[in-house]
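Asks: heads up, no residue letters with this:
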């Protein structure tokens, strides 16, 4: 396996950057994704919560938090974050339907309602 295929190298690298600058939002976001990719869901959730604290009006940060919460089997909180993301401008309903991180939410009536809301917004735009 090459270093390129080994996310543990990248995790160590970005963790060292974050130690020097804990408010480096791009690194927080990257680490959240890497942690989730290797199955460190709780660490990914921690990074996503931190990113939302650092960027409270960022729709993608709220979307990523919703994904981490869904993977953590916290559907109520996940749906709340997903609503926040949409309220802040997140609009990719197609990806929401395909995103494997949100699989546990897709049969939830609130998720379906949110998708309908996005569809209505798309029709108006």
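Replies: Received the coordinates, thanks. As the structure is a computational prediction, the values presented were derived from the model and not from experiment.
Asks: list the contacts of the helix or strand where residue 26 lies.
Replies: Element membership for residue 26 (DSSP states H and E) is helix 25-37. By C-beta atoms under 8 Å, 6 or more residues apart in numbering, the list of residues contacting helix 25-37 from outside reads 7, 10-11, 14-15, 17-18, 21, 41, 43-44, 47-48, 50-51, 54-55, 61, 64, 67-68, 71, 101. The C-beta positions use only the backbone N, C-alpha and C, and glycine is treated the same way.
Asks: next one: stretch 96-106
Replies: Residues contacting stretch 96-106 (C-beta under 8 Å, 6+ apart): 36, 66-68, 70-71, 73, 75, 78-79, 82, 111, 114-115, 118.
Asks: returning to what we had before: please identify the buried residues of the helix holding residue 26?
Replies: Using 16 or more other C-beta atoms under 10 Å as the burial criterion, the residues of helix 25-37 that qualify are 27, 28, 29, 30, 31, 32, 33, 34, 35, 36.
Asks: would you reformat those as a markdown table and include distance to residue 89 and pLDDT?
Replies: Shown next, in a markdown table, are those (distance: C-beta to C-beta, whole Å; pLDDT from 0 to 100):
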| residue | distance to residue 89 | pLDDT |
| --- | --- | --- |
| 27 | 23 | 97 |
| 28 | 20 | 98 |
| 29 | 17 | 96 |
| 30 | 22 | 96 |
| 31 | 24 | 97 |
| 32 | 20 | 96 |
| 33 | 20 | 95 |
| 34 | 25 | 96 |
| 35 | 25 | 97 |
| 36 | 23 | 94 |
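Asks: widest-spaced pair of those?
Replies: By the measure C-beta to C-beta, 27 and 36 form the most distant pair in the buried residues of helix 25-37, at 15.0 Å.
Asks: what average pLDDT does the lengthiest helix in the chain get?
Replies: When the chain is parsed with DSSP state H, its longest helix is helix 109-124. Averaging pLDDT along helix 109-124 gives 83.
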